[in-house]
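> for reference, the sequence and a predicted model appear below.
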Amino acid sequence: MQLLNGNEVAKTLKANIKLEVEQLKIAGKKVPHLAAILVGVDGASMTYVNAKEKDCREVGFDSTILRFDMSITEEELLKEVEKINNDTNIDGLIVQLPLPKHISEKKVTETISYKKDVDGFHPMNVGLMFKGLPCFLPATPFGIIKLLEHYNIETSGKNCVVIGRSDIVGKPMGALMLQKNCTVTVCHSKTKDLNSFTQKADIVIAALGIPEFLKADMIKEGAVVIDVGITRVDDTTSVKGYVLKGDVKFDEVSQKASWITPVPGGVGPMTRIGLMLNTLEAVKMKTILNPMVDRSIVK
Ligand code: NAD
């Protein structure tokens, strides 16, 4: 078994992004500016937003976090999004999810200008992605593609099973693996006899959010296994009171897989890279006066 080391690859790609930012500065061009909207004080959301701010600082992006109280109304939040849409100084905008129940995530996501939608959630970007046209790709599937490319994992003609069909991971992941010439099966909570699919797969991407769901007897010898899941599981022996668990039972699956991502240190850091690459492209998009940057991965 070999490790698909997201931490290592992210480090390399981050250094490349930093270099590109320095070159933009030298050329007297604008440095990428990412804005993040955070509503409320959810611990995990605050951790994610702070990590993104740290990433920005490290590569030389400008960043702004707009924090709002839980009591903000949907109308007020939509106005804030519009303000950022019209702010020429800000290139990319993300809204940290989940939002409080009284605010429609769909409305907010669709109000972000698709040209600043560096999370790739806007229907315009989703449509462009499915067509294989230039767009902002959703960060997690984008990061996974970068990871597979880094390690030269063969995708053409391979059977790929994606477990999970969410809008942010499973569905776009399936679309991108199809563009990478895999034969793709997307499984979900209503799939019957899941094992019959996973056991035939050359590549299994687990994105369902059930800790240690994928066991060794569910995969074939030599499969490539990507673990997207991150679940906080209570653990009194840990200082934090919890440990992070992936969707793959790593100790046994790693004995059988040819390549596997660890949790943490696999998909997580690559997701953050996906976001940074999109933010960098958002600036280049303006510079080269192209309506959308060529991000098609179809060769
Ligand atoms: P989600 O809850 O929106 O979707 C889960 C999907 O899993 C659903 O489509 C459902 O049909 C499917 N599913 C549920 N039970 C199943 C079962 N028994 N068999 C087959 N399919 C089943 O979750 P999501 O937002 O796609 O996230 C999935 C996991 O990935 C979560 O643990 C999340 O925290 C993690 N995640 C990690 C990153 C990262 O950067 N590493 C990014 C996004 C999400």
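Arrived safely.

> tell me the contacts of R67?
Applying Cβ atoms under 8 Å, 6 or more residues apart in numbering to R67 gives the contacts 38-39. C-beta coordinates here come from the backbone N, C-alpha and C atoms, glycine included.

> repeat that with 10 Å
By Cβ atoms under 10 Å, 6 or more residues apart in numbering, the contact list for R67 reads 36-41, 46, 49.

> restricted to helices, list those.
Residues of the contacts of R67 located in helices (DSSP state H): 46, 49.

> considering the contacts of R67, which is situated nearest to the ligand?
Here the nearest of the contacts of R67 to the ligand, counting by Cβ to the nearest ligand atom, is V49; it sits at 13.7 Å.

> and S189, what does it touch?
By Cβ under 10 Å, 6+ apart, S189 lies in contact with 163-165, 208, 210.

> from those, which are also near the ligand?
Checking the contacts of S189 against the ligand by Cβ under 6 Å from any ligand atom, the ones in range are 163-165, 208, 210.

> give me the subset of these that lies in strands.
Mapping the ones next to the ligand among the contacts of S189 onto strands (DSSP state E) picks out I163.

> could the ones next to the ligand among the contacts of S189 go into CSV alongside pLDDT?
Formatted as CSV, the ones next to the ligand among the contacts of S189 follow (pLDDT from 0 to 100):
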residue, pLDDT
I163, 99
G164, 98
R165, 98
L208, 98
I210, 98
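
> tell me the one among the ones next to the ligand among the contacts of S189 nearest to K131.
Distance to K131 across the ones next to the ligand among the contacts of S189 (Cβ to Cβ) is lowest for R165, with 19.3 Å.

> looks like that closest one contacts V184 (just checking).
No: under the criterion of Cβ atoms under 10 Å, R165 makes no contact with V184, lying 11.6 Å away.

> shared neighbours of the two, anything?
Common contact partners of R165 and V184 (Cβ under 10 Å, 6+ apart): 173-174.
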